[in-house]
Structures are given as C-alpha cells and as structure tokens.
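**Student:** Fold the following for me, if possible:
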Amino acid sequence: MSAIVSPAAARRVFLTLTVTRWFPVGLVVGILTLWPLERGLTIPEALSAMSLTGITVFLLELPTSGFADAFGRKPVYVTAAVFLITSAVVFYTATAWWQFALAAVLTGVFRALDSGPLEAWFVDTVHATEPGADMDRDLSRQGMVMGSAMALGALISGGLVWWHPIASQSALLLPGLLYLGLGVVHLTAVLLILKEPDRRGAGGRVGMRRAAASVREAPVVVREGLSLLGHNRVLGGLVAVELFWSAGMVVFETFQPIRLAELLGSEEAAAAVMGPVASAGWGLFALGSALAAVGSRRLGIARTAILARILNGVGAVVMGLVAGPLALIAAYAFTYTLHGAGGPVHGALLHREASARNRSTVLSMNSMVSFLGFSLTAALAGQLAAHTSTQVAMVLVGAFSVLGAFGYLPALRAERARRREAERAHTPAGAGR
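**Tutor:** Sure thing, here's the model as predicted:
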C-alpha cells in the first residue's frame with residue numbers, strides 16, 4: 001500500500017488492535033498459573049516452566065525489534081499473532097513439564113515479536129502527516145482501552161469459570177478456548193486493517209533478495225540502537241527507569257496475592273478475592289492512563305512521569321505496611337492507578353528520543369530492561385522474604401522503586417530546553433528591547 005493513512009484512521013486501527021490483543025489476555029491472566037497445576041505440575045515445576053518466557057523475551061527483544069525496523073512492522077506483528085495462537089495451542093494441550101516449557105518459550109517469542117511494532121507503526125504513521133507530534137494523549141487513550149479490555153476480560157473469565165457448562169472438563173478450559181479463538185480473530189484483524197507503506201522495490205517485486213537484505217540490516221539497526229542508548233543521556237535515563245519500575249511491579253503483581261493469602265488465611269480465599277480485585281485494578285489502570293493526559297497538559301510530560309513514579313513506589317511501600325486485607329486492596333488500587341498513569345507519559349518521552357529507523361528498537365530496549373529487572377528483583381525479593389518477611393520485602397523493594405524518578409531528570413531538562421526554544425521561536429524580533 002502506498003497511500004498515506006490519516007492520523008484519525010491510524011488511531012482507529014491502533015485502538016482496535018489494542019482491544020483484539022489485550023481483551024483475550026484478560027480472560028486468562030488470573031488462571032495461567034492454575035492451569036499447569038491442575039494438569040499435574042507442582043508449583044516449582046509450573047513456575048520454572050513459566051520463567052522461560054521472560055528469558056526468551058530478554059534474548060530476542062533486540063534482534064526482533066531490529067528486524068521490525070529493517071523489514072517492516074506489519075510482517076513482524078503478523079508473525080507475533082501466529083505465535084500467540086501456536087503458544088496457546090501448546091499450553092492448553094500440555095500435560096508434561098517439557099510441554100509447558102515449550103509453550104513458555106513460544107510465548108516468549110510471541111511477546112518479543114509483539115513488543116513495539118504496532119506502537120512504532122502508529123507513531124510513524126501519525127508523524128508522516130504531523131511531524132514531531134507528541135504521543136502522550138494517544139498513548140493515554142491506548143492505556144485506557146487496554147485497561148478496560150483487560151478488566152472486562154477478567155470479569156467475563158470469572159463468570160465463565162463460575163458457569164462451568166462442560167462438567168466433564170476443567171472449569172478453567174473454557175476461558176482458555178475463548179482466548180485461543182480470539183487469538184485467531186486478532187490475527188485476522190491484523191491482516192485486514194493494519195496498512196503499511198510498501199517497502200518493496202521498483203515494480204512491486206519483493207523476492208528473497210530484499211528479505212535477505214533486511215535480515216542483514218537488522219543487526220546494524222540493533223547496534224545503532226545500543227549506540228544511541230550509550231550516547232543519549234535522556235534515553236539512557238528513561239530505559240534505566242524500567243529497572244526501578246519493574247521492581248515496583250514485583251510488589252503489586254507478584255507479592256500482592258501472597259500477602260493477601262497471609263491476611264485471609266489461605267491461597268484459596270485469596271484466589272477467590274483476586275479475580276474481582278484484578279479486574280478492578282485494570283479498570284483503575286485505565287483511569288490512571290486518562291489522568292496521565294490531564295497531568296501532562298498541566299504539569300508537562302516529564303513532571304507527570306516523575307510524579308507517577310514516586311507515587312507508584314510509595315503505594316508499593318504502603319502495601320507492605322498495611323495490616324488488613326481491605327487496606328491492602330485499597331493500597332493496591334492506588335498503586336495500580338499510578339501504574340496506569342506512568343505508562344503513557346513514559347512512552348511519550350521514549351518516542352521523543354526515537355526516529356522512524358530505530359523506534360521499534362528503542363521500545364524493545366525499554367521492554368528488555370523491564371523483563372530483566374523484574375526477573376532479578378523477583379528472585380532477590382523472594383530470598384529476602386524467606387529470610388525476613390513478605391512485608392519487609394515489599395517495603396524495601398517499593399522504596400527502591402521510588403528511586404526511578406531520578407532517571408527522568410535528563411528528560412525534564414530536555415523538556416525545559418524544548419519549551420524555551422519554542423518560546424523564543426514565537427517571540428517577535430526585537431521584542432523585549
């Protein structure tokens with residue numbers, strides 16, 4: 001396709017594919033750990049298999065993002081959707097550890113391919129007609145849509161498990177089958193509505209020569225991305241924030257149900273509560289994304305990011321300090337709202353430092369650091385909790401995550417410089433004399 005997609009049309013596609021991508025995830029997010037346990041795996045076996053997803057993503061993030069920048073966003077995003085379906089089939093038919101491990105690796109490939117291409121396509125498409133436009137409001141809308149879709153999916157999943165219409169099968173199977181079916185819907189939507197400028201040569205011929213050239217170009221894009229990270233202090237600070245942000249995520253995503261089980265007396269009681277709590281959390285994530293747009297207009301994008309990072313970390317600390325289940329849920333709600341608020345402004349700051357050539361690479365470097373930080377923090381925090389308590393681990397990790405606000409300072413200085421340049425550009429010659 002050679003015609004330019006209008007910003008309005010690009011936004012519709014962007015938000016539609018956000019729904020088809022994340023609504024199915026809401027259906028299974030609360031049962032992913034329970035399914036392998038029900039199929040006979042022990043808790044250590046289930047968690048060791050699932051950990052391979054993060055390792056795979058860490059290894060593949062930059063190579064796959066470089067290929068997306070070199071070869072095109074749509075081909076990579078289509079491939080990601082295919083791996084989504086493949087990993088779901090393997091996961092929901094698995095009965096042995098190695099099969100769940102294979103499903104985890106396939107999921108990691110899917111997540112690595114999925115990270116960045118759609119957002120990069122959207123930003124580049126908008127910039128084709130609105131050069132340099134900030135993306136904070138559009139990313140806020142996407143965060144609202146994603147959070148709402150996840151929340152709705154979690155609620156429907158709980159209803160399906162309660163309904164359990166197929167008595168001969170596990171109550172967890174129906175949400176999984178629906179997830180698989182909606183994965184096919186997502187792939188179809190990507191093929192039909194995601195339009196990308198033609199990267200083919202003269203005469204419309206692609207051929208193996210162009211594909212091979214793109215493969216050779218991908219490592220160059222990766223090296224350029226790493227070089228940019230080393231020489232751009234703003235980008236380096238933004239990516240470093242992910243180490244602290246992901247630490248906070250360990251508190252409000254991993255330790256939340258553990259602490260809730262301690263307060264309620266059993267894992268079963270905590271599981272019964274976590275369904276609606278997780279659904280509400282994603283709804284508040286959407287609200288936080290909306291608040292980010294308000295904050296960026298009034299405070300600026302960088303200041304809003306700093307405030308969200310501090311308050312999210314403080315919320316994680318409070319989660320470790322409270323002594324009752326209702327107080328824990330309230331602190332979780334506050335923390336997850338700020339989690340949603342931080343995403344759009346962080347993404348907007350990243351896009352300021354990226355170009356069309358390396359945008360997917362920049363997004364994937366950010367994601368790669370997040371996965372690495374989460375994995376390392378979870379392992380260390382688990383050991384800390386074993387030697388002290390869950391509360392001590394939550395408080396210390398939450399306090400550590402607050403330090404990520406310092407990573408935004410170079411972006412804040414750059415934003416102030418941009419504002420001064422814009423003011424000088426609009427000042428009439430001779431004014432103030």
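**Student:** just how off-centre is the longest helix anywhere in the chain within its chain?
**Tutor:** The residue-count maximum for a helix in the chain (DSSP state H) belongs to helix 267-299. Computed by Cα atoms, centre = their mean, to the nearest Å, the chain-centroid distance of helix 267-299 equals 14 Å.
**Student:** next one: the helix or strand following that helix to chain centre, how far?
**Tutor:** Next helix or strand after helix 267-299 toward the C-terminus (DSSP states H and E): helix 301-321. The chain centre lies 18 Å from the centre of helix 301-321; the measure is Cα atoms, centre = their mean.
**Student:** and the angle for helix 301-321 with helix 267-299?
**Tutor:** 150 degrees (axes from the mean of the first three to the mean of the last three Cα atoms, to 10 degrees).
**Student:** How far does the helix or strand following helix 301-321 sit from its chain's centre?
**Tutor:** As assigned by DSSP H and E, the chain's next helix or strand after helix 301-321 is helix 325-352. Counting by Cα atoms, centre = their mean, helix 325-352 is centred 12 Å from the centre of its parent chain.
**Student:** Can you check what angle separates helix 325-352 from helix 267-299?
**Tutor:** Per the same axes, to 10 degrees, the angle that helix 325-352 makes with helix 267-299 is 40 degrees.
**Student:** just to revisit the earlier point, helices or strands up against the longest helix of the chain?
**Tutor:** Contacts defined by 3 or more Cβ pairs under 8 Å, 6 or more residues apart in numbering; DSSP states H and E place helix 267-299 against helix 136-163, helix 256-264, helix 301-321, helix 325-352. Glycine gets a C-beta too; all of them are placed from N, C-alpha and C.
**Student:** and if we set it to 10 Å?
**Tutor:** Under the contact criterion of 3 or more Cβ pairs under 10 Å, 6 or more residues apart in numbering; DSSP states H and E, helix 267-299 touches helix 7-28, helix 136-163, helix 256-264, helix 301-321, helix 325-352.
**Student:** export those helices to CSV and tack on mean neighbour count?
**Tutor:** Formatted as CSV, the helices and strands packed on helix 267-299 follow (neighbours: other Cβ atoms under 10 Å):
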stretch, mean neighbour count
helix 7-28, 19
helix 136-163, 21
helix 256-264, 19
helix 301-321, 24
helix 325-352, 24
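**Student:** can you list those helices in JSON lines and add distance to residue 195 and mean pLDDT?
**Tutor:** Putting the helices and strands packed on helix 267-299 into JSON lines (distance: least, Cβ to Cβ, whole Å; pLDDT from 0 to 100) gives the following:
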{"stretch": "helix 7-28", "distance to residue 195": "8", "mean pLDDT": "92"}
{"stretch": "helix 136-163", "distance to residue 195": "18", "mean pLDDT": "82"}
{"stretch": "helix 256-264", "distance to residue 195": "40", "mean pLDDT": "82"}
{"stretch": "helix 301-321", "distance to residue 195": "29", "mean pLDDT": "96"}
{"stretch": "helix 325-352", "distance to residue 195": "20", "mean pLDDT": "92"}
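**Student:** Quick one: these as a markdown table, columns for distance to residue 247 too.
**Tutor:** A markdown table is the format used below for the helices and strands packed on helix 267-299 (distance: least, Cβ to Cβ, whole Å):
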| stretch | distance to residue 247 |
| --- | --- |
| helix 7-28 | 23 |
| helix 136-163 | 21 |
| helix 256-264 | 14 |
| helix 301-321 | 8 |
| helix 325-352 | 13 |
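**Student:** Would you tell me which of those helices gets closest to residue 293?
**Tutor:** Closest approach to residue 293 among those (Cβ to Cβ): helix 136-163, 3.9 Å.
**Student:** I'd like to know which elements the closest one is packed against.
**Tutor:** helix 7-28, helix 117-129, helix 173-193, helix 267-299, helix 301-321, helix 325-352.
**Student:** could you give the angle of the fifth one to helix 256-264?
**Tutor:** Yep, that's helix 301-321 we're talking about. Using the same axes, to 10 degrees: helix 301-321 against helix 256-264 is 30 degrees.
**Student:** which intervals of the stretch 101-250 of the chain have sub-threshold pLDDT?
**Tutor:** For the stretch 101-250 of the chain, the stretches flagged by pLDDT under 70 are 197-222, 225.
**Student:** before we move on, the earlier item: so for residue 226, which of the helices and strands packed on helix 136-163 sits nearest?
**Tutor:** Of these, nearest to residue 226 by Cβ to Cβ is helix 325-352, at 15.3 Å.
**Student:** Would you mind getting the angle between the closest one and helix 136-163?
**Tutor:** 140 degrees.
**Student:** next SSE after helix 325-352?
**Tutor:** Counting by DSSP H and E, what follows helix 325-352 is helix 359-387.
**Student:** Can you work out which other helices and strands pack against the helix or strand following that following helix?
**Tutor:** Downstream of helix 359-387, the next assigned helix or strand under DSSP H and E is helix 390-402. The contact analysis (3+ Cβ pairs under 10 Å, 6+ apart) places helix 390-402 against helix 233-249, helix 256-264, helix 301-321, helix 359-387.
**Student:** Relative to the whole chain's centre, how far out is whichever helix or strand comes after helix 390-402?
**Tutor:** Using DSSP H and E, the helix or strand that directly follows helix 390-402 along the chain is helix 409-425. Relative to the centre of its chain, helix 409-425 is centred 28 Å away, using Cα atoms, centre = their mean.
**Student:** before we move on, back to that, would you reformat the helices and strands packed on helix 390-402 as CSV and include distance to residue 283?
**Tutor:** Output for the helices and strands packed on helix 390-402, formatted as CSV (distance: least, Cβ to Cβ, whole Å):
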stretch, distance to residue 283
helix 233-249, 18
helix 256-264, 16
helix 301-321, 16
helix 359-387, 23
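**Student:** Of all these, which one comes closest to residue 97?
**Tutor:** Smallest distance to residue 97 across the helices and strands packed on helix 390-402 (Cβ to Cβ): 19.5 Å, for helix 359-387.
**Student:** between that closest one and helix 117-129, how many degrees?
**Tutor:** Using the same axes, to 10 degrees: helix 359-387 against helix 117-129 is 140 degrees.
**Student:** Go through helix 359-387 and flag the buried ones.
**Tutor:** 359-375, 377-378, 381-382, 384-385 (16 or more other Cβ atoms under 10 Å).
**Student:** for that helix, what is the average pLDDT?
**Tutor:** Mean pLDDT, helix 359-387: 80.
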